[in-house]
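Novice: dropping the sequence and predicted coords here.
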Amino acid sequence: MTIYSFYIFDRHCEPIYIKQWHERERMLRPTTSASATSPIPDKRVSSGTKQLTRTESPAKTGRLSAQDDAKLIFGVVFSLRNMVRKLSTPDDNFVSYRTNNYKLHYYETPTNLKFVMITDVKTNTLRVVLHQIYVNLYVEYVVKNPLSPAEHPGGEGVACELFELGLESFVRTIDNTA
């Protein structure tokens, strides 16, 4: 199993945490034939919602920024979740969806935090894993931290080193067991 990325969205639809592990080749439509034959590798480094890019600007390379990527993912999750709610019984929930290139896993907390993980296609549902991340990592290291803000206005990110280290360790154990 390969985990590509992980997102946390607050109840105001803002991405408060973005972490990318494995690079995925997700390009916008190429504007020239040269950009289609030699894509520039993504060199983003993640630290919470702070994204550092070591390559050219997204407009020049044809790549989405991490924030734009998060907005698109939230839009897909929001649309699919609403569609499932309208077409199914109250007991049914949106859990995941799969494309030819990736599988998106979704978990929503009682406080309307949305946890999204993108993995390879062969991965089974990770709803339980996302719940464990919420209970064992987010609640323990972010919610119970007196220095961490209760709200994240304007998409202010989760800046807790213990949460990041715990998440990194947890994801490594998941990758090794699968």
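Specialist: Here it is on my side, so go on.

Novice: drop to CA atoms for contacts and neighbour counts, all remaining ones
Specialist: Will do.

Novice: where does pLDDT dip in the protein?
Specialist: Per-residue confidence of the chain (counting by pLDDT under 70) places the weak regions at 23-63, 154-156, 177-178.

Novice: the strands in the protein, which residues?
Specialist: Per DSSP state E, the chain carries strands over the ranges 3-9, 15-20, 44-47, 50-53, 96-98, 103-108, 114-119.

Novice: contacts for the fifth one?
Specialist: Spelled out, it's strand 96-98. Strand 96-98 is contacted by residues K103, L104, H105, Y106, V121, T125 when judged by Cα atoms under 8 Å, 6 or more residues apart in numbering.

Novice: enumerate every residue touching the closest residue to L126 other than its chain neighbours.
Specialist: Computed as Cα to Cα, 6 or more residues apart in numbering, the closest residue to L126 that is not its neighbour in sequence is H105, at 6.1 Å. By Cα under 8 Å, 6+ apart, the contact set of H105 is V95, S96, Y97, V116, M117, I118, T119, T125, L126, R127.

Novice: output the longest helix belonging to this structure.
Specialist: Of all the segments of type helix in the chain, defined by DSSP state H, the longest one is helix 66-87.

Novice: tell me what E108 is bridged to.
Specialist: For E108, the beta-bridge assignment (DSSP bridges) gives partners K114.

Novice: tally up the residues packed near it, please.
Specialist: Neighbourhood size, E108 [other Cα atoms under 10 Å]: 21.

Novice: that one reaches V128, doesn't it?
Specialist: No: between E108 and V128 no contact is recorded; they are 11.5 Å apart, counting by Cα atoms under 8 Å.
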